[in-house]
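*Asks:* just the structure for this:
(one chain, ligands or ions: 3)
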Amino acid sequence: MADRSRIHLEVEGLVQGVGFRPTVHRLTTQLGLSGFIRNTPQGAELELEGPPAQVAQFVPLLQQQAPVLARIRRVSTVSIPPTGETGFHILPSVGQDTPDTQVSPDVGICEDCLREMRDPTDRRYRHPFLNCTNCGPRFTIIQSVPYDRESTAMGAFPMCKDCQREYTDITNRRYHAQPTCCPNCGPTLTYLDGAGHGVDGDPIQLAQAQLRAGGIVAVKGLGGFHLACLPEHASLLRQRKEREGKPLALMCADVDAARTLCRLSPEEEAVLTSWRRPIVLLRKRDPAPDGLSHTPELGLMLPYTPLHYLLMEGFPALVMTSANPSDCPVFKDNQAAVEGLQGIADGFLLHNRDIVTRCDDSLVRVFRGKEYPLRRSRGYVPQPVEVSCHVQGLLACGAEQKAGFALGKGRDALLSQHMGDLKNMETLEHYQQQLHHFRTLFGVEVTGVACDLHPDYLSTQVAHQLARDLDVPLTQVQHHHAHMLSCMADNGLTGPCIGLIWDGTGLGSDGTIWGAECLAGDAKWFRRLGSISPIRLPGGDACARDPARIAHSLRFEAGLEADSQDLLTLQLRAGLNCPPASSMGRLFDGVYALLGGISPIHYEGESAIRLEHLAQAGVTQALPLELETVDEVCRLNVPALTIALLERQNQGQSPHLLAAQFMNAMVELAVQQCQFARAHTGLDRVVLSGGVFQNMYLLPRILDALNAQGLRAYHHSRVSTNDEGIALGQLMAAAGR
Ligand code: ZN
Ligand code: ZN
Ligand code: FE
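*Replies:* Numbering: from 1, shown residues only. Ligands and ions are numbered 1, 2, ... in the order given. Reported below is the predicted structural model:
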């Protein structure tokens with residue numbers, strides 16, 4: 001058979017449940033090849049036979065025409081003797097006891113499905129659950145791998161004959177679409193009134209009527225429940241949810257509706273309309289819609305399920321906010337939502353497909369043409385973040401307030417979805433469930449655990465317990481070192497770098513609280529080269545919610561409360577529960593309060609956000625900086641800064657001007673400390689990480705100022721700059737040891 005050749009191919013990557021086999025089938029038909037394909041733990045295995053010229057065309061064509069969701073990591077090809085096989089066969093999967101394939105994130109509804117949903121002649125006309133190989137639920141409905149209908153929440157809905165026919169027809173775009181269904185066989189909707197009683201009628205129309213009447217409707221979505229209402233009734237939602245201050249996201253009917261509310265760059269539009277469908281933070285137009293956000297920005301997203309599209313008909317925009325009891329994970333089960341949202345929701349739009357895994361909406365902004373994640377969750381998770389070294393078997397437990405873990409598999413870091421604050425028992429439970437779910441879903445045997453240095457973080461305690469139970473080594477990673485390694489991994493940097501890590505608080509390696517750190521190091525080591533003089537926090541953690549306490553402490557340290565007899569002064573003088581913290585986040589809080597900001601604040605991080613938007617545009621002056629070198633660390637003298645700020649305030653300079661001057665001074669501080677670090681280490685790459693770099697006044701200015709000094713500055717683009725990104729850094733530290 002000299003006129004024929006046969007090849008054996010191994011394809012690694014995300015190729016299951018993404019329409020890969022139909023693509024292969026189409027190509028083999030087109031090229032006239034025979035052979036077979038089967039799923040393997042790593043991806044897929046193929047053998048192809050035919051005329052040598054045709055066989056040779058296969059791999060290049062496959063690379064070009066791979067389905068949107070497929071991620072082909074590696075194709076290895078070996079020539080083997082032809083067998084004379086005819087026809088193309090799809091064989092059963094092999095090696096199912098060692099699941100090793102990737103799981104796709106949930107995918108927003110595709111154009112083809114949307115068209116069918118709107119076509120009165122289609123059998124899926126107005127079907128709220130239609131999907132295909134290119135779109136639909138994945139991560140949130142998958143119980144285990146291999147990815148088959150029976151191992152998803154769709155297992156409870158046997159396919160009808162028509163769906164079965166499409167499912168088994170390789171030329172159909174629903175070929176092996178595991179969650180495919182139609183009105184005859186799929187999940188169904190119900191509508192309950194506020195008391196939880198069923199209401200007869202079209203559930204979507206009932207929900208829409210309630211919304212139009214000004215009510216609040218709880219809507220079961222993909223990864224959890226939302227509370228929806230008209231934008232003009234946002235204050236009612238806030239009042240019932242007791243959620244004052246915090247911005248609310250809107251779901252817009254389409255891009256045009258989004259454009260009437262916000263300005264969109266082409267890059268922002270691309271992210272907004274991408275299949276990941278995150279909430280995108282965008283600049284509001286004037287006049288800004290009231291009561292949704294106290295900043296010049298607004299979070300917008302587009303509908304991502306057919307149900308959303310049906311619900312949105314007739315509404316340009318609806319408030320869509322996660323329905324969760326305060327600080328608890330989002331509701332995912334019908335009964336819990338109906339009970340838990342009594343007095344909040346006026347109606348419930350429910351369905352009978354279970355949410356296996358909760359996953360909140362992701363939140364991103366677009367910075368310099370790239371995504372800058374603030375909450376990496378639905379649509380992104382569990383897509384791995386590829387790293388530069390082997391991390392197989394390592395588990396990093398993350399931080400605490402913005403908890404999230406990372407599981408290593410090969411060279412992939414599998415980052416968990418958004419979790420919230422672990423101090424809450426329900427959140428901790430969710431976190432532990434997901435730890436277990438990820439380990440089994442991805443078939444990873446944990447061989448090492450990493451966590452923060454802080455002994456009180458519940459994630460640290462979980463890590464200790466796991467390391468003990470599994471009898472594997474535990475690596476404790478200093479918080480800011482982990483931030484730094486996270487940004488390095490995000491940018492694929494391995495060698496030593498300078499890290500400018502500004503955040504709220506984290507335990508330092510000297511046992512004090514850090515948070516304004518200029519470090520140098522790599523996965524194996526770091527040293528501290530820059531910081532700020534410690535700020536004493538009367539009442540400790542209470543300061544995070546009450547920045548006026550920090551303002552008082554700043555004034556006290558600057559010698560301005562010498563004669564005062566009030567309680568905070570007495571507390572500071574006696575040094576009772578006033579832990580010192582070299583925290584940039586707390587400095588921002590304190591300065592914000594000195595400028596007359598509100599206190600207490602309504603939500604974590606509010607003062608920093610308000611200070612950012614307080615700043616007047618176009619200000620070039622900066623507050624003067626006084627730097628001192630203490631124990632070889634270049635430190636900002638905070639009392640001197642406070643005195644300079646208050647002097648200018650006394651001269652009548654406005655809070656807007658002073659906010660800008662303060663942040664300009666921080667830009668200058670970044671430059672001076674990084675120059676100091678370069679002089680001491682010879683390093684010239686700087687990674688920026690930590691929650692403070694969510695500040696969009698600071699970030700571009702610091703990047704530009706560092707680059708202008710011949711330093712090379714990097715920021716995050718794949719994982720969050722806040723504590724959510726910490727787990728990735730911990731993973732890298734564990735891999736480096
Ligand atoms: Zn589709
Ligand atoms: Zn059907
Ligand atoms: Fe942090």
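
*Asks:* not counting sequence-adjacent ones, nearest residue to residue 282?
*Replies:* residue 262 (3.7 Å; CB to CB, 6 or more residues apart in numbering). Backbone N, C-alpha and C define where each C-beta goes, glycine included.

*Asks:* following the longest helix along the chain, which helix or strand comes up?
*Replies:* Identified as the longest helix of the chain according to DSSP state H is helix 655-681. Of the helices and strands lying after helix 655-681 in sequence (DSSP states H and E), the nearest is strand 685-689.

*Asks:* which strands and helices sit next to that next one?
*Replies:* helix 479-490, strand 497-507, helix 698-708, strand 712-714 (3 or more CB pairs under 8 Å, 6 or more residues apart in numbering; DSSP states H and E).

*Asks:* the inter-axis angle of the first one versus strand 685-689?
*Replies:* Helix 479-490 runs at 110 degrees relative to strand 685-689, counting by axes from the mean of the first three to the mean of the last three CA atoms, to 10 degrees.

*Asks:* centre of the chain to helix 479-490, how far?
*Replies:* How far helix 479-490 lies from its chain's middle: 16 Å, per CA atoms, centre = their mean, to the nearest Å.

*Asks:* residue ranges of the strands in the stretch 101-250 of the chain, please?
*Replies:* 189-193, 217-220, 225-229, 250-252 (DSSP state E, counting those that start in this stretch).

*Asks:* got these as TSV, with distance to ligand 1, mean pLDDT and mean neighbour count columns?
*Replies:* Formatted as TSV, the strands of the stretch 101-250 of the chain follow (distance: least, CB to the ion, whole Å; pLDDT from 0 to 100; neighbours: other CB atoms under 10 Å):
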stretch	distance to ligand 1	mean pLDDT	mean neighbour count
strand 189-193	19	98	18
strand 217-220	20	98	24
strand 225-229	22	98	27
strand 250-252	19	98	25
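
*Asks:* select, out of these, the one closest to ligand 2.
*Replies:* The minimum distance between ligand 2 and these falls on strand 189-193, with 15.8 Å, by CB to the ion.

*Asks:* what are the contacting residues of that closest one?
*Replies:* Under the contact criterion CB atoms under 8 Å, 6 or more residues apart in numbering, strand 189-193 has outside partners 128, 198-199, 201, 203-204, 206-207, 307, 338, 346-352.

*Asks:* so where's the stretch 151-300 of the chain shaky on pLDDT?
*Replies:* Applying pLDDT under 70 to the stretch 151-300 of the chain picks out residues 287-289.

*Asks:* give me the phi and psi for the residue nearest the centre of the chain.
*Replies:* Centroid-nearest residue in the chain: residue 376, 0.9 Å away (criterion: CA atoms, centre = their mean). Per-residue torsions, residue 376: phi -100, psi 110 (degrees, to the nearest 10).

*Asks:* that one against residue 721, yeah?
*Replies:* No. If you go by CB atoms under 8 Å, residue 376 and residue 721 don't touch, sitting 10.8 Å apart.

*Asks:* give me the buried stretch members for stretch 59-75, please.
*Replies:* Within stretch 59-75, the residues scored as buried using 16 or more other CB atoms under 10 Å are 59, 62, 66-67, 69-73, 75.

*Asks:* just the ones of those residues in strands?
*Replies:* 71-73, 75 (DSSP state E).

*Asks:* ligand 3: which of those residues is nearest?
*Replies:* Nearest to ligand 3, judged by CB to the ion, of those is residue 71 at 30.1 Å.

*Asks:* what sits against the closest residue to that closest one other than its chain neighbours?
*Replies:* Residue nearest to residue 71 in three dimensions, not counting chain neighbours: residue 14, with 4.1 Å by CB to CB, 6+ apart. Each residue near residue 14 by CB under 8 Å, 6+ apart is listed here: 43, 69-71, 101-102, 104, 383.

*Asks:* 7 Å instead?
*Replies:* Residues in contact with residue 14 (CB atoms under 7 Å, 6 or more residues apart in numbering) are 70-71, 102, 104.

*Asks:* just give the nearest non-adjacent residue to residue 36, would you?
*Replies:* In space, residue 36 comes closest to residue 89 once its chain neighbours are excluded; the distance is 4.2 Å by CB to CB, 6+ apart.

*Asks:* let me see the mean pLDDT of the helix or strand that neighbour falls within.
*Replies:* Using DSSP H and E, residue 89 sits within strand 88-90. Here strand 88-90 scores 90 as its mean pLDDT.

*Asks:* buried stuff in that strand?
*Replies:* 88, 90.

*Asks:* what pairs with it, parallel or antiparallel?
*Replies:* Take DSSP bridges as the rule and strand 88-90 pairs in its sheet with strand 34-40 (parallel).
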